[in-house]
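In: Got a predicted structure plus its sequence, pasted below:
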Amino acid sequence: MIKLIATDMDGTLLRDDKQIDKEIYELLPKFKQNNIHFVAASGRQRPSLEKSFERYLEDVTILAENGAYVVHNGEEIYASVMTKELIDFVVTEIKKLENVGILYCGKSCCYTAEPEVQENLSSPKFHYNIKLINHFDDIKEDIVKISLVDPQGASENSFPILEKVLKDKVEIAVSGFDCIDIVNKGVSKGHAIEILQKRWHIAPEESMTFGDNYNDIEMLQQAKYSFAMEHSEEGVKKCANYVAGDNNKGAVVTQIKKWINI
């Protein structure tokens, strides 16, 4: 019996236009009635995820910032805070690249010095709580993730360069919308799911996960019923036990209803 369902958002539960498959809202109360935990697992920040589920927050666990920050019913379950020394090292390497934006991700807000990044992420498309800053020292809260926004294409352009110099010190992965997400070593969506599984006494054999990108691999590996989306690269599909359909056609909900009779 499946007791935990975790899904990525961008490219998975969300359509390409960033709109959520609203049929999931009909299932959330049924999950709760059947003691099934539903987890929104994303590289997005907590406020953005909560906006997507604002009427159903009691039925959804928020796994934000690629697993660096987890909240359940308003209670902080897990947070992995980056040290200033590590942040300085990462940002120094990022600034060697051209035409990229830097995003400092706290628990409740994100910060950037680039107006274009602020304008894009604060739009109704993403619903980010994000502020413009002049300097890192202007930030007064803990940072759990550093993101790089690369309009030239993160996978082909900046990721191969940064991975070589950062991989021994941090977890680095390509995320949605031309981003690279950088968190503390050992942090991942999969690690966060494992923490929740232990908390709720749920086995991987009782878990279902959905994802489409390389930052979802550890989460996919943490469940027997793991689904890579149809458009996922082969490297992601190899880490899943099943392939779901098109995120633009409600594939996540379709698979849930296929496997779970509620």
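Out: Good, I have the coordinates. Numbering: from 1, shown residues only.

In: any chance you could map the strands in the stretch 1-150 of the chain?
Out: Secondary structure of the stretch 1-150 of the chain by DSSP state E, counting those that start in this stretch: the strands cover 4-7, 37-41, 61-64, 69-72, 75-79, 101-106, 110-112, 130-132, 143-149.

In: closest one to Met208 among those?
Out: Nearest of the strands of the stretch 1-150 of the chain to Met208, taken as Cβ to Cβ: strand 4-7 at 4.8 Å. Every residue, glycine included, has its C-beta placed from N, CA and C.

In: Which strands and helices lie in contact with the closest one?
Out: strand 37-41, helix 189-200, strand 207-211 (3 or more Cβ pairs under 8 Å, 6 or more residues apart in numbering; DSSP states H and E).

In: Please identify the deepest-packed of these.
Out: Ranked by mean neighbour count, the helices and strands packed on strand 4-7 are led by strand 207-211 with a mean of 27 (mean count of other Cβ atoms under 10 Å).

In: if we can go back for a sec, could the helices and strands packed on strand 4-7 go into JSON lines alongside mean pLDDT and distance to Asn120?
Out: Shown next, in JSON lines, are the helices and strands packed on strand 4-7 (pLDDT from 0 to 100; distance: least, Cβ to Cβ, whole Å):
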{"stretch": "strand 37-41", "mean pLDDT": "98", "distance to Asn120": "21"}
{"stretch": "helix 189-200", "mean pLDDT": "98", "distance to Asn120": "23"}
{"stretch": "strand 207-211", "mean pLDDT": "98", "distance to Asn120": "23"}
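
In: can I get these in a markdown table with distance to His72?
Out: Listed next are the helices and strands packed on strand 4-7 as a markdown table, based on distance: least, Cβ to Cβ, whole Å:
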| stretch | distance to His72 |
| --- | --- |
| strand 37-41 | 9 |
| helix 189-200 | 8 |
| strand 207-211 | 16 |
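
In: how about the ones you listed, which one is nearest Ile182?
Out: Proximity to Ile182, assessed across those by Cβ to Cβ, is greatest for helix 189-200 (14.3 Å).

In: And the contacts of the closest one?
Out: Contact partners of helix 189-200, identified using Cβ atoms under 8 Å, 6 or more residues apart in numbering, comprise 3-4, 6, 8, 37, 39, 41, 61, 63, 66-68, 70, 72, 77-78, 202-204, 207, 209, 211, 215-223.

In: Out of the strands of the stretch 1-150 of the chain, which gets nearest to Lys237?
Out: Nearest of those to Lys237, taken as Cβ to Cβ: strand 4-7 at 16.3 Å.

In: would you list every one of the helices in this protein?
Out: 23-33, 46-52, 84-94, 115-121, 159-166, 189-200, 217-220, 234-237, 251-259 (DSSP state H).

In: Tell me which of these is the most buried.
Out: Highest mean neighbour count of the helices of the chain: helix 217-220, a mean of 26 (counted as mean count of other Cβ under 10 Å).

In: what's in contact with it?
Out: 6, 8, 41, 67, 188-191, 193, 209, 211, 226-228, 236, 239-240.

In: I'm done for today, thanks for sticking with me.
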